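**Student:** Predicted model follows, preceded by the sequence.
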Amino acid sequence: MATYNQNTTIGPPKIEYCLYARKSSESDERQTMSIGSQIKEMKDLAVRDRINIVQVKQESHSAKDSGARPVFVEMMNEIRSGEFNGILTWAPDRLSRNAGDLGVLVDLMDRGKLEEIKTPSQIFRNTPNEKFLLMILCSQAKLENDNKGVNVKRGLRAKCQMGIRPSKAPLGYLNVTKDRHISEIIVDPERGQFVQEIFLRVAEKGHSGRTIQKWLNRIGFKTKYGNKLPLSKVYSTLKNPFYYGEFEFGGEWYKGIHEPLINKEIFDKAQKQLLVPPKTWNKKKFPFKSLCVCGSCGSGVTAEVKYKKLKYGKFAKYIYYHCCRSIDYDCDEPYITEDDLIKQLIAHINAGNIKIIKSKIARKLKDDIEKFHNLRSVVLKQEYLSGNLDELENSAVNDSDEEMAENYLKHILKGGSADERQEALGMIKTKFVLTKRELKLA
């Protein structure tokens with residue numbers, strides 16, 4: 001039978017430590033000792049005080065958010081499983097700057113899993129007073145962290161109100177720093193003029209983002225880091241209001257004091273050119289592409305559709321014709337709207353400047369008359385005397401009548417469909433060139 005020995009004493013629990021070193025890359029910890037220095041100091045302390053270190057863990061991560069440090073979470077799990085029961089660290093704020101992680105540490109102490117937290121100047125054991133002190137020191141670190149966040153945000157708002165964008169300057173500008181803070185934003189003397197040219201090419205010449213990228217690559221344009229400009233950066237640059245003097249920060253808009261590269265009018269024109277139409281594959285027909293060629297370089301003419309968002313959410317559709325730049329990639333021939341093109345073509349018809357294949361128009365008119373009578377007979381059930389009205393109407397069609405042919409063309413150009421306009425333009429023998437938004441005889 002076992003007997004109780006009153007001379008038996010229970011000594012303090014054996015403590016095995018995990019050395020934990022952490023440093024955040026954020027500005028509030030720039031003065032904190034590096035991870036390597038922390039580990040060296042802790043190992044020297046372990047040798048001096050005969051501390052048994054069973055693991056060394058390190059990470060570069062902010063302690064502001066609870067549960068956001070993978071190495072710290074791993075260490076807590078290993079304490080729960082009994083792999084070690086002490087932590088050796090440089091300071092309490094290396095372990096926690098938030099209430100969640102602090103609660104985990106204190107809970108492990110309460111459950112007897114974590115016996116001790118040791119720093120070069122303090123020891124925190126599982127006693128009420130020492131746990132309370134640990135909570136005070138970590139809470140103080142959280143308070144300092146929170147105050148710094150508030151002060152940083154206040155400083156950023158003040159900077160914005162001064163008209164200085166408190167972040168990395170966009171392409172074409174450079175940050176001027178003073179005491180590691182942005183004090184001024186100036187135009188990049190090497191790249192500012194090219195950014196300005198990008199906006200002008202899109203706004204005035206109708207260039208697309210891909211066209212701009214190809215042009216920049218051809219002239220050897222590079223960012224300040226020596227890279228080519230990707231297509232996504234071309235579009236983000238074109239959509240950035242900073243270039244005409246305004247910027248958005250923290251959900252609010254501010255007027256900048258930096259030098260604008262463009263004005264608001266140029267920016268708005270560029271935005272209209274950047275509107276992307278809905279995808280309608282193989283449905284777009286631009287009948288006037290074959291009417292003329294570029295008067296500046298001799299390339300063909302192409303077209304594209306742009307949409308403008310109206311006040312009540314609807315979209316207005318606009319068709320623009322411009323040089324396709326197949327001969328001269330840098331051709332500066334500006335675009336022209338389809339409406340203006342039609343007006344100028346009708347003016348040429350009225351002036352008698354074009355040659356028309358009248359026989360084709362006469363055949364087309366007779367076909368239209370026959371279709372009309374078939375429609376009236378089949379759909380409207382209105383019979384007519386064959387050989388009477390039909391013959392009279394067809395007899396009025398004269399394949400030598402110049403006025404009739406011109407009236408038909410003007411009628412189709414004003415109100416016809418894209419297919420009808422394309423067919424009608426095939427009845428014109430005159431060739432045109434497009435020069436400075438003006439349709440001229442070739």
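**Tutor:** Nice, thanks for sending it over. For clarity, every value in this text was computed on a predicted model and none was experimentally measured. Residues are numbered from 1 along each chain as shown.
**Student:** If we ignore the residues flanking it in sequence, what's nearest H207?
**Tutor:** Nearest residue to H207, sequence neighbours excluded (Cβ to Cβ, 6 or more residues apart in numbering): R201, at 4.3 Å. C-beta here means a position set from N, CA and C on the backbone, and glycine is covered the same way.
**Student:** Show me the residue at the heart of this structure, geometrically.
**Tutor:** S236 (4.9 Å; Cα atoms, centre = their mean).
**Student:** Quick one: end-to-end distance for stretch 250-257.
**Tutor:** 18 Å (Cα to Cα, to the nearest Å).
**Student:** Show me where the chain has its helices.
**Tutor:** 35-49, 70-80, 92-95, 99-110, 128-161, 192-205, 209-218, 231-238, 264-274, 338-350, 358-378, 389-395, 402-415, 418-425 (DSSP state H).
**Student:** what's the angle between the second one and helix 99-110?
**Tutor:** When axes from the mean of the first three to the mean of the last three Cα atoms, to 10 degrees is applied, the directions of helix 70-80 and helix 99-110 differ by 20 degrees.
**Student:** for helix 70-80, which positions count as buried?
**Tutor:** F72, M75, M76, I79 (16 or more other Cβ atoms under 10 Å).
**Student:** For that helix, name the packing helices and strands.
**Tutor:** In this structure, helix 70-80 packs against strand 17-22, strand 53-59, helix 99-110, with contacts taken as 3 or more Cβ pairs under 8 Å, 6 or more residues apart in numbering; DSSP states H and E.
**Student:** and if we set it to 7 Å?
**Tutor:** Contacting helix 70-80 under the criterion 3 or more Cβ pairs under 7 Å, 6 or more residues apart in numbering; DSSP states H and E are the following elements: strand 53-59, helix 99-110.
**Student:** Tell me which of these is the most buried.
**Tutor:** helix 99-110 (a mean of 17; mean count of other Cβ atoms under 10 Å).
**Student:** can you state the direction angle for that helix and helix 128-161?
**Tutor:** Computed by the same axes, to 10 degrees, the angle between helix 99-110 and helix 128-161 is 170 degrees.
**Student:** what about dumping the CA coordinates of helix 99-110 to CSV?
**Tutor:** Extracted in CSV, the C-alpha atoms of helix 99-110 (Å, rounded to 0.1, in the frame of the first residue of the first chain):
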residue,chain,number,x,y,z
ALA,A,99,-7.3,42.3,-28.6
GLY,A,100,-7.9,39.0,-30.4
ASP,A,101,-4.4,37.7,-30.2
LEU,A,102,-3.9,39.0,-26.7
GLY,A,103,-7.0,37.1,-25.6
VAL,A,104,-5.6,33.9,-27.0
LEU,A,105,-2.4,34.3,-25.0
VAL,A,106,-4.2,35.0,-21.7
ASP,A,107,-6.6,32.1,-22.3
LEU,A,108,-3.6,29.7,-22.8
MET,A,109,-2.2,31.0,-19.5
ASP,A,110,-5.5,30.5,-17.8
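**Student:** Need the mean per-residue confidence for it.
**Tutor:** Per-residue pLDDT values over helix 99-110 give a mean of 89.
**Student:** list the helices and strands it packs on?
**Tutor:** Judged by 3+ Cβ pairs under 7 Å, 6+ apart, the packing partners of helix 99-110 are helix 70-80, helix 128-161.
**Student:** cutoff 10 Å now
**Tutor:** Applying 3 or more Cβ pairs under 10 Å, 6 or more residues apart in numbering; DSSP states H and E, we find helix 99-110 packed against helix 70-80, helix 92-95, strand 116-118, strand 123-125, helix 128-161.
**Student:** show me what contacts the residue lying closest to E130 once chain neighbours are set aside?
**Tutor:** Nearest in space to E130, with sequence neighbours left out and distances taken as Cβ to Cβ, 6+ apart, is F124 at 4.7 Å. Residues near F124 by Cβ atoms under 10 Å, 6 or more residues apart in numbering: 87, 92, 95, 105-106, 109, 114, 116-118, 130-135, 137-138.
**Student:** rerun that using 8 Å as the cut-off
**Tutor:** Going by Cβ atoms under 8 Å, 6 or more residues apart in numbering, F124 touches P92, E116, I117, K118, E130, K131, L133, L134.
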